[in-house]
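Participant: Okay, predicted coordinates and the sequence, questions at the end:
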Amino acid sequence: MLNGEQRLNVSASEEFKGDPGCADPEQMLVSAVSSCHMLFFLAIAEFQGFHVESYEDSPKGYLEKNGKGGMEITRIVLSPSVIFGGDKMPDPEKISKIHANAHKNCFIRNSVTASVEINHS
């Protein structure tokens, strides 16, 4: 059970005979990295006076064999798409800096060994 008594149906991934209608731990890890990055991005943008109208991401995680003969999430690719509104608009360089700061400060990203790439538009 999560905070607020939220319930989440989880299963192994479909490839490992899990229920495709449920979230799997690998999806939740990738989503946690994406969500953490987003929350830091939104906070930094707001602190700098930018108004984010929409933020969407389609993160992908790569489950691959590791050097120890097991499997692990080796790489996570975030692909955030951000739309700004209001009078103060960031230029592409400023947006890249906000992403870099969010990446550097994300607690979850700092807690995983997988590489995390950001391909933003």
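Facilitator: In hand now; what should we look at? Because the structure is a prediction, the values reported are computed rather than measured.

Participant: can you pull the pLDDT of the closest residue to residue 24 other than its chain neighbours?
Facilitator: Leaving aside its chain neighbours, residue 24 sits nearest to residue 13 (4.1 Å; criterion: Cβ to Cβ, 6 or more residues apart in numbering). From N, CA and C alone the C-beta is placed, and that goes for glycine too. The score at residue 13 is 85. That number is its pLDDT.

Participant: Can you tell me the centre-most residue of this protein?
Facilitator: By Cα atoms, centre = their mean, the chain has its centre lying nearest to residue 34, at 0.9 Å.

Participant: Confirm that residue sits in a strand?
Facilitator: No. Going by DSSP: H, G, I helix; E, B strand; the rest coil, the assignment for residue 34 is helix, not a strand.

Participant: Thought residue 79 was touching it, still the case?
Facilitator: No. Between residue 34 and residue 79 no contact is recorded; they are 9.2 Å apart, counting by Cβ atoms under 8 Å.

Participant: Now do the shared contacts for these two.
Facilitator: Common contact partners of residue 34 and residue 79 (Cβ atoms under 8 Å, 6 or more residues apart in numbering): 57, 59.

Participant: Spatially nearest residue to the residue nearest to the centre of the chain, not counting backbone neighbours?
Facilitator: The shortest distance from residue 34 to any non-neighbouring residue, by Cβ to Cβ, 6+ apart, is to residue 59 (4.0 Å).

Participant: before we move on, the earlier item: the residue nearest to the centre of the chain: what's it in contact with?
Facilitator: 57, 59, 76, 78, 80.

Participant: which of those residues sit farthest apart?
Facilitator: 76 and 80 (12.4 Å; Cβ to Cβ).
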